[in-house]
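[1] Provided below are the primary sequence and the corresponding predicted coordinates.
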Number of protein chains: 2
Amino acid sequence: MPASTRASGEAPLRAVAERRRAGRPSSAVLDKAGITAAALKLIEKNGYDGLTMAALARSLNVAPSALYNHVTSKDDVLLLVEDHLAALVDVSSFGREPWEEAVRQWAWSYRDVFAQHTPLIPVIAVLPVTDAPQTLAMYETVSAGFRNAGFPPEQIIPAIVALESFIFGSAYDVTAPADIFDPGDMASRTPSFTGAVESLARLGHDKPADVAFTLGLDALISGFGALRS
Amino acid sequence: MPASTRASGEAPLRAVAERRRAGRPSSAVLDKAGITAAALKLIEKNGYDGLTMAALARSLNVAPSALYNHVTSKDDVLLLVEDHLAALVDVSSFGREPWEEAVRQWAWSYRDVFAQHTPLIPVIAVLPVTDAPQTLAMYETVSAGFRNAGFPPEQIIPAIVALESFIFGSAYDVTAPADIFDPGDMASRTPSFTGAVESLARLGHDKPADVAFTLGLDALISGFGALRS
DNA sequence: CCACTAAATGAATGCCATTCATTTATACGA
DNA sequence: TCGTATAAATGAATGGCATTCATTTAGTGG
């Protein structure tokens, strides 16, 4: 649009976050979906430290207080993000693959998604599923997979919870620094530990967290498989 | 000490946090051990929300900035607390009981300690062991237990990491609200999940987290036991 | 003895989530 | 159709937070 077509009093084209005047706008600026998307974009760019209510508001070209018409707290924003991510977890193997394989693929996918979002884990862990429909949908698919695989109904939730606990803990491992197990100057006083660390290092895995995850996941799957009838 | 023995200008006996004047005191007021103890007391009384640098300073009758002569950050305080707790984890079964039993007792103790301190978990997970001598000592005892039980050296660390991941995830479960799995008004659309939740509830366990922990721990122990030679 | 360093105070800084009064626009019920 | 309740925005607080810095005082090593 050439400048000549603009009325004289009109705001300039540059997307300089022209300030909205006070009062309810004709059409709503915010909704939960938009807040969720903006939060995710912010997290991707600046990490969870960059996710502040002020930054979120700014990225939506809105005053911070406006957010509170749509969410009750920052934890509420984290909950929205969490539920969005739950939909990204791959449960498609259930009903397509044998139970062992389905669990394996679900678990890897679940871990990979939340390894990028560990600050959500303390929130999820205490989160009533009622408030997270996508998360609930994931549980439903997984529960059905366990039921169809012949699990006694009362064992299904404990088995899923145990797997989830392992998955969340393992998500932290992914982000741990490579030298986390370097005993430093205590090496001589911790021979067994130091020896174990060194013999593992000698294998030269590029993703040590994956070794532990594979090991634990295999144990859980074969242990739980024995419960089926 | 009777009042009459006190000089006239002396401060009153009441522990009313008489203000110290600026400048280095004759004998040091703070040290890491004292800071750790005060932090733990504060956490016990008011939880982790109550652990602020200001509150910590006040409980030590000191200005907040004085803390920074002994720790570099609040995370540093959390690290001190973590390492103190690591010493409370019971590793005494290693060398006394058979491997399976020793792992079981260590895992329960580890989970129970950190279930009361879940805000530390994100810190521990990324923590280089160099900075935490008590934690390192725990690893040494456990590693020696695995080695003596016939584990291949390069499998020891992955096995411990997998167990630890499960333990940390399970620590969160302990603190979860009882109704965390209530599907609410989505119940009709999540029949498998709802059925699983109900059939577990029918058993009436008073500590549901313990059911999942037992199940997962048994699977991990029997799975890992197969690695021994 | 003197300079350096250690360990405290006290005052600031900047950021943060959240609240509240106010403004404006829409939706619904009489 | 009016007019009141409600929804959704602004803008200005508020109080708490971790952390920093200048300053003061006391011990310590050359």
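    Ah, there it is. Numbers count the residues shown, from 1 in each chain, chains lettered A, B, ... in the order given.

[2] helices or strands up against the helix or strand containing residue A:124?
    Per DSSP states H and E: residue A:124 is located in helix A:121-125. Secondary-structure packing of helix A:121-125 (3 or more CB pairs under 8 Å, 6 or more residues apart in numbering or on different chains; DSSP states H and E): helix A:74-86, helix A:153-175, helix B:121-125, helix B:153-175. C-beta coordinates here come from the backbone N, C-alpha and C atoms, glycine included.

[3] Just checking, which helix or strand succeeds that helix along the chain?
    Downstream of helix A:121-125 (by DSSP H and E), the next one is helix A:133-148.

[4] Just the CA trace of that next one, in PDB.
    C-alpha atoms of helix A:133-148 as PDB (Å, rounded to 0.1, in the frame of the first residue of the first chain):
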ATOM      1  CA  PRO A 133      -7.900 -33.000  28.100                       C
ATOM      2  CA  GLN A 134      -5.100 -33.900  25.700                       C
ATOM      3  CA  THR A 135      -3.200 -35.500  28.500                       C
ATOM      4  CA  LEU A 136      -6.300 -37.400  29.500                       C
ATOM      5  CA  ALA A 137      -6.700 -38.600  25.900                       C
ATOM      6  CA  MET A 138      -3.200 -39.900  26.000                       C
ATOM      7  CA  TYR A 139      -3.900 -41.900  29.100                       C
ATOM      8  CA  GLU A 140      -7.000 -43.300  27.500                       C
ATOM      9  CA  THR A 141      -5.200 -44.700  24.500                       C
ATOM     10  CA  VAL A 142      -2.400 -46.100  26.700                       C
ATOM     11  CA  SER A 143      -4.900 -47.600  29.100                       C
ATOM     12  CA  ALA A 144      -6.800 -49.300  26.300                       C
ATOM     13  CA  GLY A 145      -3.600 -50.700  25.000                       C
ATOM     14  CA  PHE A 146      -2.800 -52.200  28.300                       C
ATOM     15  CA  ARG A 147      -6.300 -53.600  28.700                       C
ATOM     16  CA  ASN A 148      -6.300 -55.200  25.200                       C
END
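
[5] Packing partners of it?
    Using 3+ CB pairs under 8 Å, 6+ apart: helix A:133-148 touches helix A:74-86, helix A:99-115, helix A:153-175, helix B:191-201.

[6] Comparing these, which comes out most buried?
    Among the helices and strands packed on helix A:133-148, ranked by average contacts under mean count of other CB atoms under 10 Å in any protein chain shown, first place goes to helix A:153-175 (a mean of 24).

[7] buried set for the helix holding residue A:124?
    By neighbour count with 16 or more other CB atoms under 10 Å in any protein chain shown, helix A:121-125 contains the buried residues A:121-122, A:124-125.

[8] pretty sure residue A:229 is in contact with residue A:149, am I right?
    No - under the criterion of CB atoms under 8 Å, residue A:229 is not in contact with residue A:149, lying 9.8 Å apart.

[9] higher neighbour count, these two?
    residue A:149 (19 against 6; other CB atoms under 10 Å in any protein chain shown).

[10] List the contacts of that one.
    Taking CB atoms under 8 Å, 6 or more residues apart in numbering or on different chains, we find residue A:149 in contact with A:99, A:228.

[11] again with residue A:144
    A:94-95, B:192-193.

[12] just those residues now: which is nearest residue B:39?
    Lowest distance from residue B:39 to the contacts of residue A:144 (CB to CB) belongs to residue B:193, with 40.7 Å.

[13] I figured the closest one was touching residue A:138, is that so?
    No - Residue B:193 is beyond contact range of residue A:138, at 9.4 Å (criterion: CB under 8 Å).

[14] quick revisit: pLDDT averaged over the helix holding residue A:124 - what is it?
    Helix A:121-125 carries an average pLDDT of 92.

[15] related to what we said a few turns ago, out of the helices and strands packed on helix A:133-148, which is closest to residue B:84?
    Closest to residue B:84 of those, according to CB to CB: helix A:153-175, at 20.8 Å.

[16] follow-up on the earlier one: quick one: which of the contacts of residue A:144 is nearest DNA strand C?
    Using CB to the nearest atom of the strand, residue B:193 comes nearest to DNA strand C of those, at 29.9 Å.

[17] For the closest one, give its distance to residue A:180.
    Per CB to CB, to the nearest Å, residue B:193 is found 36 Å from residue A:180.

[18] At the contact with DNA strand D, which residues of chain A appear?
    Contact residues (CB under 7 Å from any atom of the strand) of chain A with DNA strand D: A:19-25, A:28-30, A:57, A:61-66, A:69-70.

[19] Can I get the helices and strands packed on helix A:133-148 in JSON lines including mean pLDDT?
    Formatted as JSON lines, these follow (pLDDT from 0 to 100):
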{"stretch": "helix A:74-86", "mean pLDDT": "98"}
{"stretch": "helix A:99-115", "mean pLDDT": "98"}
{"stretch": "helix A:153-175", "mean pLDDT": "98"}
{"stretch": "helix B:191-201", "mean pLDDT": "98"}
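
[20] Mind putting those helices into a markdown table with distance to residue A:209?
    Compiled in a markdown table, those are given as follows (distance: least, CB to CB, whole Å):
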| stretch | distance to residue A:209 |
| --- | --- |
| helix A:74-86 | 19 |
| helix A:99-115 | 8 |
| helix A:153-175 | 4 |
| helix B:191-201 | 29 |
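
[21] Looking at those helices, spot the one closest to residue B:222.
    Using CB to CB, the nearest of the helices and strands packed on helix A:133-148 to residue B:222 is helix A:153-175, at 13.5 Å.

[22] residue contacts, the closest residue in space to residue A:174 that isn't next to it in sequence?
    Sequence neighbours aside, residue A:115 is the residue nearest to residue A:174 in space, at 3.8 Å (criterion: CB to CB, 6 or more residues apart in numbering or on different chains). Counting by CB under 8 Å, 6+ apart, residue A:115 touches A:170-171, A:174-175.

[23] Of the residues you listed, which is the nearest to residue A:215?
    Using CB to CB, these come closest to residue A:215 at residue A:170, 10.5 Å.
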